[in-house]
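J.: Kindly generate the corresponding structure for this input.
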Amino acid sequence: MKNIIACLFMLTVPVVANANCATGSCTDVKIQEMQVVSDGVVYIQTSGIEAALNCTPESGVFIKLNATTDGGKIIFSSLLASQQANKNVNIRIIDNVSPCQVVYVSVK
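T.: Below you'll find the model as predicted:
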């Protein structure tokens, strides 16, 4: 009987995702905020800790995306779609730059 109760308890406990940023990427994160500037730059804040990246986040929490390029426009569209669909993303950044800059994203 104890085993059955333990199994039922484990099924009801929510699974905690490991959303984090480290070294050169933020993995399995949600987009929490995007600030769009008139010059085409988008500043992205995730559910991870951007300060753990090997670059310098803008204002300590934002990753920069240049949405004026064709690739940047596609990345921005992907981020908007992932946010709308409540999907997690992986974001790869350029190593050792200030501010942190997006190289590519993948939607999970």
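J.: Need the phi and psi values for Lys64.
T.: Per-residue torsions, Lys64: phi -90, psi 140 (degrees, to the nearest 10).
J.: So what's the residue count around it?
T.: 21 (other Cβ atoms under 10 Å). C-betas here are computed from N, CA, C, even on glycine.
J.: Compute the distance between Lys108 and Gln35, please.
T.: As judged by Cβ to Cβ, to the nearest Å, Lys108 and Gln35 stand 23 Å apart.
J.: next one: Val29
T.: Taking Cβ to Cβ, one finds Val29 at 17 Å from Gln35.
J.: which is the next helix or strand following the longest helix belonging to the chain?
T.: Criterion DSSP state H: the longest helix present in the chain is helix 70-84. For helix 70-84, the following helix or strand on the C-terminal side (DSSP states H and E) is strand 89-93.
J.: For that next one, output the C-alpha coordinates as PDB.
T.: C-alpha atoms of strand 89-93 as PDB (Å, rounded to 0.1, in the frame of the first residue of the first chain):
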ATOM      1  CA  VAL A  89      13.600  28.000 -26.400                       C
ATOM      2  CA  ASN A  90      17.300  27.500 -26.500                       C
ATOM      3  CA  ILE A  91      19.300  30.700 -27.300                       C
ATOM      4  CA  ARG A  92      22.900  30.600 -28.400                       C
ATOM      5  CA  ILE A  93      24.900  33.800 -28.000                       C
END
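J.: quick one on the thing from earlier: now the longest helix of the chain: buried residues?
T.: Gly72, Ile75, Phe76, Ser78, Leu79, Ser82, Gln83 (16 or more other Cβ atoms under 10 Å).
J.: Tell me which other helices or strands that helix touches.
T.: Packed against helix 70-84 by the contact rule (3 or more Cβ pairs under 8 Å, 6 or more residues apart in numbering; DSSP states H and E) you find strand 31-36, strand 41-46, strand 63-66, strand 89-93, strand 102-107.
J.: what's the offset of the third one from the middle of its chain?
T.: Here strand 63-66 shows a centroid-to-chain-centroid distance of 12 Å under the convention Cα atoms, centre = their mean, to the nearest Å.
J.: just the first one next, same as before
T.: Computed by Cα atoms, centre = their mean, the chain-centroid distance of strand 31-36 equals 10 Å.
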